[in-house]
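1. Quick one, structure for this:
(chains A and B)
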Amino acid sequence: MNFQKSLEKAVKKGMKTLFEVDIPSIEFQETRKEFEGDLTIVVFPFLKFIKGNPFEIATKLGNYLKENLSELSNFNVVKGFLNLTISDEYYLQSLDVINNTENFGIEEIDKNEKSVMVEYSSPNTNKPLHLGHIRNNLLGYSVAEIIAATGKKVYKTQIINDRGIHICKSMLAWERYGNSETPDSSGLKGDKLVGNYYVKFDEEYKKEIASLISNGATEEEAKKNAPILLEAQNMLLRWESGDEKTVNLWKRMNQWVYDGFDKTYNELGVNFDMNYYESNTYLLGKNIVADGLKKGIFYKKEDGSVWIDLTEEGLDEKIVLRADGTAVYMTQDIGTAIQRFKEFPDLDTLVYTVGNEQDYHFKVLILILKKLGYIWAQHLYHLSYGMVDLPSGKMKSREGTVVDADELIIEMIDTARTISQELGKLEGYTIEEKEKLYKTIGLGALKYYILKVDPKKRILFDPKESIDFNGNTGPFIQYTYARIQSILRKVDFDYSEKILNISLHQKEKDLIKLLNYFPENVDNAAKNLSPALIANYTYDLVKAYNTFYQSLPILGCDNLQEKILRTQISNQVGNTIKNAFKLLGIDVPERM
RNA sequence: GCCCUCGUAGUUCAACGGAUAGAAUAAAAGUUUCCUAAACUUUAGAUCUAGGUUCGAUUCCUAGCGAGGGUACCA
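-> Residues are numbered from 1 along each chain as shown, chains lettered A, B, ... in the order given. The predicted model follows:
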């Protein structure tokens, strides 16, 4: 709340006049429910600067503040906690500000601000998307939206891993066993079709290994020399030399995958401002390595491979270029980062949404770029998130334990449909409207389920227990929004009047307080790259609203002023739910 | 071996170093002639262990136990 700033000043001034001490920072917190008050100042830290009884200090300060701040109506002291009660009038004024601010808490994009790039998704083109990708996509998209809501221009991007031996494996298997099957001929989604051939390759590869071993080869030899693998490696060489037939097949099959991915992205409601393709970027960074070698940041080993020694920083040595002169992952990432900052002169910050299994990689990447002298390297962030695990452990495509993204989305929508039909509240809706709603609810449940968890923590997903629609869930929040809209539809009076002279009910106060906290929460979520903070905030808001809704009449108020006020609060809670959920990429329904 | 995360109710999640550790779910009980019961109201239930730092520790430090991940020419 704005009030905190003026309060902070007043506290500093008060401590100066009362005790002649300078307090550098003041600790505020929300007053706990069991005590009277709205905002609490913790006095204990002051004891470093003045000796004395915390209770007495707090009391003196409380008296001072009450005399000097009209917004304060009262105070009380418990131990070293100074609880301040803010006047109703101040709350009502703040509600008026919210009423007169469009999208309170969401900043307009400021073109003079530096921009931010958020990279997320970044799939391989040989496997369909699964639940882990869903988490990545939802997180990346949401973080981009949240940063944009703080007024910064955001570029959403992905780098598509479209080259390498793994692609050749799918290509080879398709050539051999595909019978010219296409997404059109088979009706399969392109990414699924290509994924099938990746699996097929693996099967054949295993068969060949087994047969080689039975002919006397060691396991290691067999793995290295299986003919189908050699053929795939051959194909990669042909691709790299630009062989037309190979490149054409590669383009064709990749396009199938992109079309398939696009469908999934579309369903999920995520998008990108631009794509990067690894086939275009995999050579980047080599010249940087050469430069770094000259500068002595890197060093060459006898076999010709290039390394960086990070042992002084407590890390290991890390390879940046292979002995044969080809690039590794790190080389490419160095090059890509540099290129992006060249391409976008207004770029200030780069966020990589990548799983925590790559923590080490990004630590090293950022360190190398710093050593190379790029100032912007201190604005690189690895949005590291925990894996989505199953009760059986990690998802493994080879063991068939992956939770497929498309299937999960369909399942969620089906569940929404079933529940909605059982409840039967959608009279008058067309079939199209109903289907749209099921999608809104189903995806809302899925997205909220994923995003409410702190990104850093791993998620345990049990496919047997379906995602809930009751309790702390997306549909619960959507439901509250729908109820509010229902009220607003029934309003037959003008509720734009500014209400000032009314005594607030505690539940009204709670809600206005929470509404005021929204902008702060957005800032916090942006700073911490954590959509979970928005999700938790929204849940608290909704919870408080439902209590209010259940225990107090809104449209049924006898007093017109009261009725207007409660309608305004309802309206703003609705707006805030909508805006908050937009940051999470979740839609809200008018009815449900 | 070394390095990095993480250990909170039966389960899934919260808690800038602050007051009696919050929710949800599962369990038990209740609320609908009243604005949508996908809701609300009660009850019961948890900080891995042992030390340390301090006015105060789930949070910071050390050790141990447990889970996951990384570990040099795969991305």
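
2. My read is that A:Thr353 contacts A:Tyr141, right?
-> No: using CB atoms under 8 Å, A:Thr353 makes no contact with A:Tyr141, being 9.0 Å away. In short, each C-beta sits where N, CA and C put it, glycine included.

3. list residues touching both of the two?
-> Common contacts of A:Thr353 and A:Tyr141, defined by CB atoms under 8 Å, 6 or more residues apart in numbering, comprise A:Tyr120.

4. ok, and for stretch A:369-384, which residues are buried?
-> For stretch A:369-384, the neighbour count (16 or more other CB atoms under 10 Å) marks A:369, A:371-372, A:374, A:376-377, A:379-384 as buried.

5. Run a quick neighbour tally on whatever residue of the stretch 51-200 of chain A ends up closest to RNA strand B.
-> RNA strand B sits closest to A:Phe81 of the stretch 51-200 of chain A, with a gap of 3.6 Å, by CB to the nearest atom of the strand. When neighbours are counted by other CB atoms under 10 Å, A:Phe81 registers 20.

6. Which of the residues in stretch A:176-191 are classified as buried?
-> By neighbour count on 16+ other CB under 10 Å, the buried set for stretch A:176-191 is A:178, A:183, A:188-191.

7. can you tell me which of those are up against RNA strand B?
-> The subset of the buried residues of stretch A:176-191 within reach of RNA strand B, by CB under 7 Å from any atom of the strand, is empty.

8. Between the residues you listed, which sits nearest A:Asp259?
-> Nearest to A:Asp259 out of the buried residues of stretch A:176-191 is A:Gly190 (CB to CB; 4.7 Å).

9. Near RNA strand B, which residues of the stretch 1-150 of chain A are found?
-> With CB under 7 Å from any atom of the strand as the criterion, the stretch 1-150 of chain A comes near RNA strand B at residues A:27-29, A:31-32, A:34-35, A:37, A:40, A:42, A:44-45, A:47, A:78-81, A:83, A:124.

10. Nearest spatial neighbour of the residue of the stretch 51-200 of chain A closest to RNA strand B, chain-adjacent residues omitted?
-> Spatial nearest neighbour of A:Phe81, excluding adjacent residues (CB to CB, 6 or more residues apart in numbering): A:Thr40 at 5.3 Å.

11. ok, now which ones touch the one you found?
-> Counting by CB under 8 Å, 6+ apart, A:Thr40 makes contact with A:28-32, A:81-84.

12. May I see the buried residues of the lowest-mean-pLDDT helix or strand in chain A?
-> Lowest by mean pLDDT, DSSP states H and E among the helices and strands of chain A is helix A:219-225, with a mean of 85. Within helix A:219-225, the residues scored as buried using 16+ other CB under 10 Å are A:222-223.

13. now stretch A:309-329
-> So for stretch A:309-329, counting by 16+ other CB under 10 Å, buried means A:310, A:318-321, A:327-329.

14. Which stretches in the stretch 401-550 of chain A count as strands?
-> For the stretch 401-550 of chain A, applying DSSP state E, counting those that start in this stretch gives strands covering A:459-460.

15. Same check on chain A?
-> Under the criterion DSSP state E, chain A contains strands at A:28-30, A:39-42, A:72-78, A:81-86, A:115-119, A:154-160, A:274-277, A:299-300, A:306-309, A:317-321, A:347-355, A:380-385, A:388-389, A:459-460.
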